[in-house]
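*Asks:* Next one to model:
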Amino acid sequence: AITVAVPPSRAPLPPAAPLGLYFSRDAYWEKLYVDQPAGTPLLYVHALRDVPEEVPSFRLGPHLYGAYRTRLHENDWIRIQEDTGLLYLNRSLDHSSWEKLSIRNGGFPLLTVYLQVFLSPASLREGECQWPGCARVYFSFINASFPACGALKPRELCFPETGLSFRIRENRPPGTFHQFRLLPVQFLCPNVSVAYRLLGGESLPFRCAPDSLEVSTRWALDREQREKYELVAVCTVRVGARDEEVMVPFPVTVYDEDDSAPTFLGGVDTASAVVEFKRKEGTVVATLRVFDADVVPASGELLRRYTSTLLPGDAWALQTFRVEHSPNETLAQANGSFVRATVHDYRLVLNRSVPISESRAVQLAVLVNDSDFQGPGEGILLLHFNVSVLPVSLHLPSDYSFTVSRRARRFAQIGKVCVENCQEFSGIHVQYKLQLPSANCSALGMVTSAEDTTGTLFVNDTEVLQRPECTQLQYTVMAIDRPTRRQAQAALFVTVEGTYMAEEPGCPLSCAVSKRRPECEECGGLGSLTGRCEWRQGDGKGITRNFSTCSPSIKTCPDGHCDAVESKDANICPQDCLRSGSIIGGHEPGERRGIKAGFGICNCFPEEKKCFCEPEDSQDLLCDELCRTVIAVAVLFSFIVSVLLSTFCIHRYHKNAHKPPIASAEMTFRRPAQAFPVSYSSSGTRRPSTDSVENQVSVETFKIPFAPFFLLSQEFNWGPGKETT
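*Replies:* Presented below is the predicted three-dimensional model:
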C-alpha cells in the first residue's frame, strides 16, 4: 500500500513559481468512481526545470470544466500536494453530486471533467491555461463503485486507458518526468503485485528507478542529435502462480530551442545574377539559402526571430531591389536518424519594373540575424548579391510576308509579328503599329497582345480585299517601347489570293451559333479566314477541352484564351470570351472567361450572352468512312452465309431423294359427332364401316399415310417373335 500524507483541505496559496518550469505532459487522465473513499491518491503531475536551482510548486484551478470548456462546478473534491504534485481525493463523490454534474454537462452518460494545474504565478487566469506552464487533468466520473480487484484485467492494473506521451526540452537539467503505478489501484488493491521496466531506456538517456518507479532523464537531451525516442513500457502482473506482461508505447519527444547558429548552405554566401529580359516587378533575380539545425519557428515568431535587412548603399539599388524570406522544413541526418531542420530562402526580388534603357552593375549586402540564438558564437550572417542590369534593344526581322484570301471575313487573324526575344520579355511593354504608304488599300489592322508582347495582323476592312487593284499590300510595322519610346521597324508584305464569293443568305454573324456540322461549314462568320466556318469535332469523353463546336478558325478559337483580336467583338469567339456565369450545361469555366472544357456540343448566342453545352443529338452522329465500311462488310458477309446455307440445304434434299418410300398404312379420323365401327383388312389396313357413303367419303378425306407396326419392328430391329395385333 502507498502511504499518503494528506494536507489540510484549505492550504494557503504557494509563492509564485518560476516561469522556467514546465510540465512533461499537457494532459493527464484518470478514472474516478462514485463513493470512492476520501484520501485516495489519484496521480502525480511532474514539472521539469530550466535551471538546477528551480523548485516546482503546483496550484489547482478552482473550477471543474466539462464538455465545450463549460464551467460545471467549484472543485470541492480534488486537492494537490503543492510540493510533490500528487492529486488526491479530498471528498468522496456520491450519486447526487454525480447527477448534478452530469446534468450541468448536458446529460451525457459518460461524464468527463477536467481540472487545470498551474506552475505559473497565482495571478494567471484560468482562461490562460496553455502548455508548458499549465496542464489539464481529465477525470472520467463513473456512476458505479470501484470494481473488485479480482475483476480488473492486467491492462487496467498497469496503465491508464489513454496512451502515454511526453515532452522534454533540450539542453535542460535531468529530472523526473513520470511515475509508473496507477495510484487508485495500488491504494484499493494493496495485494496486487505489479512491476515495471522500460525497454531500451538503459542504453538511452532514461532510467526507471526500481523502488520508486520514477522515470527520469540521465542527462540533458539534444534535439539536433535525436528528436523522438520510441520506448516501450512493460508491466508484469502476478496472477496466481504465473506472470502476465502488458506492453504499451512510451514515446518521448524532444522540444527544440534556438541553440543552433545559421550557416550558409553548401558554404555559398554570394550569388551573381543578370537582369535583361525579365524586368517586371516581383521577378526573382537570385536566391541564397541558409541552413539552421533548429526547427521552423512558429508563424507568429518568424518575423521577430529571423530578420533580414538590405544594408544601405546605392540609392538606386535600394529603390530597385528588395529581399524576401521564406523558411522551409527539411530533414537532416544525425546519428543514423533524421531530425527536422530549416532551410531559409533569401530571394533578391525586383521592387519595380526596370526600363529597357537601364544599364548598371550593383553589389548588395543582406544582414541575416537569428535574434533568439542562445548558443556559442553569433547568429548573424552576411549575404552578398552581385547584379548586372543590361539594356535591351528592339530588333525586328528585315521583312514579313503573309497571304490572305479575298473571302476572309473581318477580324480574321492573318499572322503575328514579334521583336527578337519577345517570348522571354517580362515587364517590357512593346506596342505594334502599321504604317501604310497609301490609304487606298488599307485593309488590315494590327493589335498588341499584352500577355506575350506580340502583334497580331488581322483583316479590318473586307471591302478593300475585294478590289482588283488591291492584290499586293505593303506596310511598315513599327515596334515601340512605351516607357522609353525606343522603336524598331520592318517591311510587311501581304498577298491577296482567290476570288470573292458572296455570303450565303441567312447565315449568322457568329460561327459559334451553329450547332451542326453542315450548317457550320456552309456559312461564314466574323474571324473566318476562308469565308467559311470550321467544325471542330470533339472526342466525346465527357467534359473535355476538346468539345465539339463551330469556329472561325480552329487554330485560334477556342483555345481557352480570349486574345486581343477576339476581345474586339463578342461574335468572333464567344467560346473564349463570354463570361463564365452565362454558360449553361456541363462545362468547366475558364480562369477568367469562356469555356475551358465542355460536354458534347457547345454553341453560343453572343447577342443573348449565352452559351449552351449539350449532348450531341443522335441525328447529328453522321456515319464516317470506317462506319460505312463496317456496314458494307457485314451485309456482304450475311449474303455469303445465306447463299452457303441455301446450297447446303438443296444438296441435302437431293441426296436423300432417291431412297425408296416406306410402306404405310392409312390412319383415318372420324368426326367427333359421329360413331362408326372400325375394321382391319388382312393386309393390316384400318378401314371404316361402309354403312353410309357419306362416312366413306369423310374417311377418304382424312386419310394419313402411316407405317404398320410390323414394318416399324423390322425397321428398328425389335427382334423376332414380336407380333402385332
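*Asks:* can you tell me which residues contact the residue nearest the centre of the chain?
*Replies:* Central residue of the chain (Cα atoms, centre = their mean): Glu588, 17.4 Å from the mean position. Applying Cβ atoms under 8 Å, 6 or more residues apart in numbering to Glu588 gives the contacts 543, 595-598. The way it works is simple: take the backbone N, C-alpha and C, and place the C-beta from them, glycine included.
*Asks:* for the record, mean pLDDT for the lengthiest helix in the chain?
*Replies:* Longest helix of the chain, by residue count under DSSP state H: helix 625-656. Helix 625-656 carries an average pLDDT of 80.
*Asks:* one step back: out of the contacts of Glu588, list just those in strands.
*Replies:* Counting by DSSP state E, the contacts of Glu588 place 543, 595-598 in strands.
*Asks:* Tell me the pLDDT of Glu126.
*Replies:* 69.
*Asks:* Identify each buried residue in stretch 437-457, please.
*Replies:* By neighbour count on 16 or more other Cβ atoms under 10 Å, the buried set for stretch 437-457 is 441, 443-449, 453-457.
*Asks:* Reformat those residues into CSV and put secondary structure and distance to Tyr196 next to each item.
*Replies:* As requested, these are arranged in CSV below (DSSP: H, G, I helix; E, B strand; the rest coil; distance: Cβ to Cβ, whole Å):
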residue, secondary structure, distance to Tyr196
Cys441, helix, 100
Ala443, coil, 96
Leu444, strand, 91
Gly445, strand, 89
Met446, strand, 86
Val447, strand, 82
Thr448, strand, 80
Ser449, coil, 76
Thr453, coil, 74
Thr454, coil, 77
Gly455, strand, 82
Thr456, strand, 81
Leu457, strand, 86
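*Asks:* The stretch 201-350 of the chain: strands as residue ranges?
*Replies:* Assigned by DSSP state E, counting those that start in this stretch, the strands in the stretch 201-350 of the chain fall at 206-208, 214-217, 228-239, 242-255, 263-264, 270-275, 284-292, 306-310, 321-334, 337-350.
*Asks:* could I get those strands as JSON lines with distance to Arg628 and mean neighbour count?
*Replies:* Shown next, in JSON lines, are these (distance: least, Cβ to Cβ, whole Å; neighbours: other Cβ atoms under 10 Å):
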{"stretch": "strand 206-208", "distance to Arg628": "82", "mean neighbour count": "20"}
{"stretch": "strand 214-217", "distance to Arg628": "84", "mean neighbour count": "21"}
{"stretch": "strand 228-239", "distance to Arg628": "70", "mean neighbour count": "16"}
{"stretch": "strand 242-255", "distance to Arg628": "71", "mean neighbour count": "16"}
{"stretch": "strand 263-264", "distance to Arg628": "72", "mean neighbour count": "14"}
{"stretch": "strand 270-275", "distance to Arg628": "62", "mean neighbour count": "16"}
{"stretch": "strand 284-292", "distance to Arg628": "59", "mean neighbour count": "19"}
{"stretch": "strand 306-310", "distance to Arg628": "72", "mean neighbour count": "17"}
{"stretch": "strand 321-334", "distance to Arg628": "61", "mean neighbour count": "14"}
{"stretch": "strand 337-350", "distance to Arg628": "62", "mean neighbour count": "18"}
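*Asks:* of all those strands, which lies closest to Leu492?
*Replies:* Leu492 sits nearest to strand 270-275 of all the strands of the stretch 201-350 of the chain, at 31.9 Å, using Cβ to Cβ.
*Asks:* ok, residues contacting the closest one?
*Replies:* Applying Cβ under 8 Å, 6+ apart, the contact partners of strand 270-275 are 283, 285-288, 348, 350, 354, 383-390.
*Asks:* Hmm, Arg207 and Val215 touching each other?
*Replies:* Yes - assessed by Cβ atoms under 8 Å, Val215 is found in contact with Arg207 at 7.3 Å.
*Asks:* On the strand side of things, show who Val368 bridges to.
*Replies:* Beta bridges link Val368 to Ser308, Leu381, judged by DSSP bridges.
*Asks:* Around it, count how many other residues there are.
*Replies:* Neighbourhood size, Val368 [other Cβ atoms under 10 Å]: 21.
*Asks:* Walk me through the domains of this structure.
*Replies:* Using the TED database, the domains assigned to the chain come out as 22-255, 263-389, 399-497, 511-614.
*Asks:* out of these, deepest packed?
*Replies:* Using mean count of other Cβ atoms under 10 Å, the stretch among the domains of the chain with the largest mean neighbour count is domain 511-614, at a mean of 20.
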